[in-house]
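In: Okay, sequence plus prediction incoming.
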Amino acid sequence: MAKCAFCDANFETGPGDVLLVCPYCGTAQTTEGKKFQDHYMIRVHFGQGEAQTTLLDWVSKQLGVPEDLPVTAKFLKYEQIWYPFWISRVDAHTEYRGLGRDANFYDEWPQRRGAYKRIDFFWKPESGAFTRRHEINIAGVKNIDEDVRNHPIPTRAKEYFSHAHAEEYDGKVLHSNMTEDQAKKMAYQIAHDRQTNLVLQEVSKIESRDDKIDVGETFLIHVPVWELEYRYGNKKYKASVSAPTGYVIESQYPRSMAFRAGGIGVGLIMLLIGAGLMVLALDVLGIGAILSGGGLVSGGLLAILGLILIYKGASRKEAKERV
Ligand SMILES: [Zn+2]
């Protein structure tokens, strides 16, 4: 329980909640009762009915979904959850010195252009600099679905948080498990890691680096998501739909028996072709050419794909697909 420092109401908080939003007056505040000003939201453009229609429309276009689903599906639950995200703009400049891998090629095979008898690899000193502006997006709650965590947030459309707007849809506004300072520290680390990845595209070994990382504007934004549940036949399926954009973040849906049987058939054919390719590749290897390893790899991959298809076809679990 916490007491709002602005309207005196008592309200529920969970373990780890450190930046609170009062459900009565909508004021964002620290646990010490200090008002947090940089609090934004993305406006709802898809009400409950539109979100449901959009979802059924999307689901009905997925492969193997029973044709009568849009007319027979019944919605059991619909809740609008406002998830908190911390957004930071980070300016990063990295100067680096390191070693890149390079090679000299000698004695091209006459019958195989581009293949050499002798290749000398060596390290070459390289240096350079990267300047980037990163927009770092960190979910403010730990218990969040991976797809909701990673769904695109149109931060340019942000406006100041409106308690009245969230109330219009009976939205549940979640507290944040993270303070502004914690979010900024994490944004610094993420920007540092992204710069490291940029440098590692240029050199294999970093010998020295100098970073100037400036965590600038940081704000809290609440993003509304429709958490839906519908029934088809005697099973229930869950879905998340973005309330600002109607984007289907994720959805479970049923697949018809005919489609599952088809998947098993295609899988078996791929498995057979894959196994055939592997046999061929192994045979050629026996003759002694080393370069035909590609057949083994692609045959193996095809066989694996075939097995996946057979599994998916045979599996009774409902599909969970990303957009
Ligand atoms: Zn209040």
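Out: In hand now; what should we look at?
In: Contact residues of the stretch 1-150 of the chain facing the ion?
Out: Listed as neighbours of the ion in the stretch 1-150 of the chain under the rule CB under 5 Å from the ion: 4, 6-7, 22, 24-25. (C-beta placed from N, C-alpha, C; glycine too.)
In: Please produce a ChimeraX select command covering the buried subset of those.
Out: Only the buried entries of these go into this ChimeraX selection, using 16 or more other CB atoms under 10 Å:
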select :4,22
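In: Would you mind giving the residues of the stretch 1-150 of the chain next to the ion as a markdown table with distance to Arg260 and pLDDT added?
Out: Listed next are these as a markdown table, based on distance: CB to CB, whole Å; pLDDT from 0 to 100:
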| residue | distance to Arg260 | pLDDT |
| --- | --- | --- |
| Cys4 | 53 | 96 |
| Phe6 | 56 | 95 |
| Cys7 | 55 | 95 |
| Cys22 | 49 | 96 |
| Tyr24 | 50 | 95 |
| Cys25 | 52 | 94 |
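In: Nearest to Tyr311 among the residues of the stretch 1-150 of the chain next to the ion?
Out: Cys22 (48.7 Å; CB to CB).
In: Find the nearest non-adjacent residue to the closest one, please.
Out: Cys4 (4.1 Å; CB to CB, 6 or more residues apart in numbering).
In: Against Pro23, how distant is that neighbour?
Out: Distance, Cys4 to Pro23, using CB to CB, to the nearest Å: 9 Å.
In: which neighbours do those two share?
Out: The contact sets of Cys4 and Pro23 overlap at Phe11 (CB atoms under 8 Å, 6 or more residues apart in numbering).
In: Hmm, Ile206 is touching Glu95, no?
Out: No - counting by CB atoms under 8 Å, Ile206 stays clear of Glu95, with 11.2 Å between them.
In: tell me the pLDDT at the residue in the stretch 201-323 of the chain positioned nearest to the ion?
Out: At 15.5 Å from the ion, His222 is the closest residue in the stretch 201-323 of the chain, using CB to the ion. We have a pLDDT of 98 for His222.
In: now swap in Tyr311 and tell me
Out: 75.
In: Ramachandran coordinates for it?
Out: For Tyr311, the backbone dihedrals are phi -60, psi -50 (criterion: degrees, to the nearest 10).
In: same thing with Pro154?
Out: Taking degrees, to the nearest 10 as the convention, Pro154 sits at phi -80, psi 80.
In: Could you list the low-pLDDT ranges of the chain?
Out: Along the chain, segments meeting pLDDT under 70 span 258, 283-294, 313-323.
In: remind me, longest helix of it?
Out: Counting by DSSP state H, the longest helix found in the chain is helix 257-287.
In: now for that helix, which elements pack on it?
Out: Counting contacts by 3 or more CB pairs under 8 Å, 6 or more residues apart in numbering; DSSP states H and E, helix 257-287 packs against helix 293-314.
In: Output the helix it packs on in CSV, but only the C-alpha positions, please.
Out: In CSV, the C-alpha atoms belonging to helix 293-314 read as follows (Å, rounded to 0.1, in the frame of the first residue of the first chain):
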residue,chain,number,x,y,z
GLY,A,293,30.6,-29.9,-47.4
GLY,A,294,27.9,-27.5,-48.5
GLY,A,295,25.7,-30.4,-49.6
LEU,A,296,26.0,-31.9,-46.2
VAL,A,297,25.1,-28.7,-44.5
SER,A,298,22.1,-27.8,-46.7
GLY,A,299,20.9,-31.4,-46.5
GLY,A,300,21.1,-31.3,-42.8
LEU,A,301,19.3,-28.0,-42.6
LEU,A,302,16.5,-29.3,-44.9
ALA,A,303,16.2,-32.5,-42.7
ILE,A,304,15.9,-30.3,-39.6
LEU,A,305,13.3,-28.1,-41.2
GLY,A,306,11.4,-31.2,-42.2
LEU,A,307,11.5,-32.5,-38.6
ILE,A,308,10.2,-29.1,-37.3
LEU,A,309,7.3,-29.1,-39.8
ILE,A,310,6.4,-32.7,-38.8
TYR,A,311,6.6,-31.6,-35.1
LYS,A,312,4.5,-28.5,-35.7
GLY,A,313,2.0,-30.5,-37.7
ALA,A,314,1.7,-33.3,-35.1
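In: How about the residue of the stretch 51-200 of the chain found nearest the ion: what's its closest non-neighbour residue?
Out: Nearest residue of the stretch 51-200 of the chain to the ion (CB to the ion) works out as His163 at 8.7 Å. In space, and not counting its chain neighbours, His163 is closest to Gly26: 2.4 Å by CB to CB, 6+ apart.
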